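J.: My questions are about this predicted structure, shown below with the sequence.
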Amino acid sequence: MQSMKSFLIRWLVTFVAVAAAAWIVPGIDGSWQSIALAALLLGFLNAFVRPALLLLSLPWIVVTLGIFVLVINALLLKAVSWVVPGFAVGGFWSAFFGGIVVSVVTLPFSCHFREGGRVCTIRVRNGEKRIY
């Protein structure tokens, strides 16, 4: 029961993030039903495909100081638009900025609903920032 509740909360957060991207970023469009389906597929891709893509592109991520992760997010969002009917992402830059919006919206919630019930905190000590 707890895992179903966690799944529904994560799906709802992703739904809100994709809806925010569709509202903010020009070139991303879809009905509420297609956004809900896109959020479901994006959550699946983020859980199962994204870790493999991050591992395979690790040299590029290191060379670009992590900026290549934004490209991976854009490619996943664009891939979702190819599969989900009624959900459209205009081009690479729409997907790029849409991926940024989705990441920014989901970050606080994903920290709050981490496995094990731990909440991410930022500790600043002696000018050093750490996120747990």
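T.: In hand now; what should we look at?
J.: So which bits of the helix ranked longest in the chain are buried?
T.: In the chain, taking DSSP state H as the definition, the longest helix is helix 2-24. Residues of helix 2-24 classed as buried by neighbour count (16 or more other C-beta atoms under 10 Å): 10-11, 13-22. In short, each C-beta sits where N, CA and C put it, glycine included.
J.: now stretch 60-74
T.: 61, 68-74.
J.: Could you find the closest non-adjacent residue to Val101?
T.: Ranked by C-beta to C-beta, 6 or more residues apart in numbering and with sequence neighbours excluded, the top spatial neighbour of Val101 is Ala21, at 4.1 Å.
J.: ok, now how distant is Trp93 from Ile100?
T.: Distance, Trp93 to Ile100, using C-beta to C-beta, to the nearest Å: 11 Å.
J.: which one of the two has more residues nearby?
T.: Counted by other C-beta atoms under 10 Å, Trp93 and Ile100 do not tie: Ile100 has more neighbours, with 17 against 13.
J.: correct me, but the more buried one touches Leu70?
T.: Yes: with contact defined as C-beta atoms under 8 Å, Ile100 counts as touching Leu70 (6.4 Å).
J.: just for the protein, where's the confidence low?
T.: Within the chain, the ranges that satisfy pLDDT under 70 run 1, 111-132.
J.: count of neighbours near Leu54?
T.: For Leu54, using other C-beta under 10 Å, the count is 13.
J.: That one against Val69, yeah?
T.: Yes: the pair Leu54 / Val69 is scored as a contact, 7.0 Å apart, by C-beta under 8 Å.
J.: Which residue is the nearest non-sequential neighbour of Ala36?
T.: Nearest to Ala36 is Phe15, by C-beta to C-beta, 6+ apart, at 5.7 Å.
J.: go on, Val18?
T.: Computed as C-beta to C-beta, 6+ apart, the closest residue to Val18 that is not its neighbour in sequence is Ala39, at 4.8 Å.
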